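J.: Please find the sequence and the predicted model below.
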Amino acid sequence: MGGAGLDDRVFSARVNRDAVGFDTKLGPVYVGVAMLEAGKSKTSTTTDVGLGVGSAGAAGTTGQRINSYSVTYVGGPLIANLNYLTYDSIGTTDAGYKDVIRTSASYDLGVVKLGGGYSVTTTAAGGTVKDALVAASVPAGSWTFGANYGMGTVEGTTIARSAAGQALIANGTAPAAVSATLNALGINADSLNGTRSGYSLTAGYALSKRTSVTASYVNWLSSPFAATRSTEATLFLSHSF
């Protein structure tokens, strides 16, 4: 719903995971429990965890196992979800996650569909990553227009600079003069905390029941320390067989 996605722009990239779960329906409420073996993530950008490795994996080099608990309400135009994630093999630094709590909801007014979401990730060393998104989608005949705005904020992290950077500071170099490096949270290590933001606009046209064309524009600040904002424009033609 809304505009183009902001994953791997404002928010962390989504990854593939092996998972097993169970959902049950209690009236308009769905309750779910799942276990996931994490793939490449903010903990490790290069190494996939093997199925069954879980907490036996080395924190920082192997993905983390995740236990997920969720409650979803579906009632007419309203859909709302609350999800809690706990991680094992968390290690002792901000490179590992401790837990995540996130919520989202959408409401269809007919002439416009509104949605939003908010999540707080707590890292092993106590830092937090707070992500928020609002979105809207408007149908107009064969057209569908969408927009969203997202913001991600990192606070209280303790991820260190590279060993070379730490050595320079120890020898008297001002921290601001040390060359920037990216830490495991995707935030420039010269200033551990900061906010990224972005928005996107889309316009889709249904050429037929099975064929559509969509144009999108995305504008985002990939890092609080980026000199300029990044932009991307796409034109997408799809056909369902």
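T.: Now that the structure is in, tell me what you want to look at.

J.: The protein: helices as residue ranges?
T.: For the chain, the helices defined by DSSP state H occupy 163-170.

J.: where do the strands sit along it?
T.: 18-26, 29-37, 65-75, 78-87, 97-108, 113-123, 128-140, 143-155, 194-206, 211-221, 230-239 (DSSP state E).

J.: The fifth one packs against which elements?
T.: If I follow you right, that is strand 97-108. In terms of contacts (3 or more Cβ pairs under 8 Å, 6 or more residues apart in numbering; DSSP states H and E), strand 97-108 is packed against strand 78-87, strand 113-123. In this view, the C-beta of every residue, glycine as well, is placed from N, C-alpha and C.

J.: Now the last one: buried residues?
T.: I take that to be strand 113-123. Neighbour counts using 16 or more other Cβ atoms under 10 Å place 113-117, 119, 121-123 of strand 113-123 among the buried residues.

J.: okay if I get those residues as TSV plus distance to residue 18?
T.: Formatted as TSV, the buried residues of strand 113-123 follow (distance: Cβ to Cβ, whole Å):
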residue	distance to residue 18
113	32
114	34
115	28
116	30
117	24
119	22
121	21
122	24
123	23
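
J.: and which of these is nearest to residue 101?
T.: residue 119 (6.9 Å; Cβ to Cβ).

J.: dump the residue contacts of that closest one.
T.: 100-103, 130-132 (Cβ atoms under 8 Å, 6 or more residues apart in numbering).

J.: Just grab the bridge partners of it for me.
T.: residue 102, residue 131 (DSSP bridges).

J.: Residues in a beta bridge with the nearest residue to residue 71 once chain neighbours are set aside, which ones?
T.: Nearest residue to residue 71 in three dimensions, chain neighbours excluded: residue 82, at 5.0 Å (Cβ to Cβ, 6 or more residues apart in numbering). Taking DSSP bridges as the rule, residue 82 bridges to residue 71, residue 103.

J.: okay, now residue 82: neighbour count?
T.: 14 (other Cβ atoms under 10 Å).

J.: Double-check it against residue 103; I have them as touching.
T.: Yes - counting by Cβ atoms under 8 Å, residue 103 is a contact partner of residue 82 at 5.0 Å.

J.: about what we covered before: of the buried residues of strand 113-123, closest to residue 140?
T.: residue 113 (12.5 Å).

J.: For the closest one, which residues are in contact?
T.: 1, 106-107, 136-138.

J.: Would you mind giving those as CSV with pLDDT added?
T.: Listed next are the contacts of residue 113 as CSV, based on pLDDT from 0 to 100:
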residue, pLDDT
1, 66
106, 98
107, 98
136, 97
137, 97
138, 97
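
J.: Can you flag the buried ones in these?
T.: By 16+ other Cβ under 10 Å, the contacts of residue 113 give 106, 136-137 as buried.

J.: JSON lines for those residues, including distance to residue 215?
T.: As requested, the buried ones among the contacts of residue 113 are exported to JSON lines (distance: Cβ to Cβ, whole Å):
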{"residue": "106", "distance to residue 215": "23"}
{"residue": "136", "distance to residue 215": "17"}
{"residue": "137", "distance to residue 215": "15"}
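
J.: No further questions, thank you.
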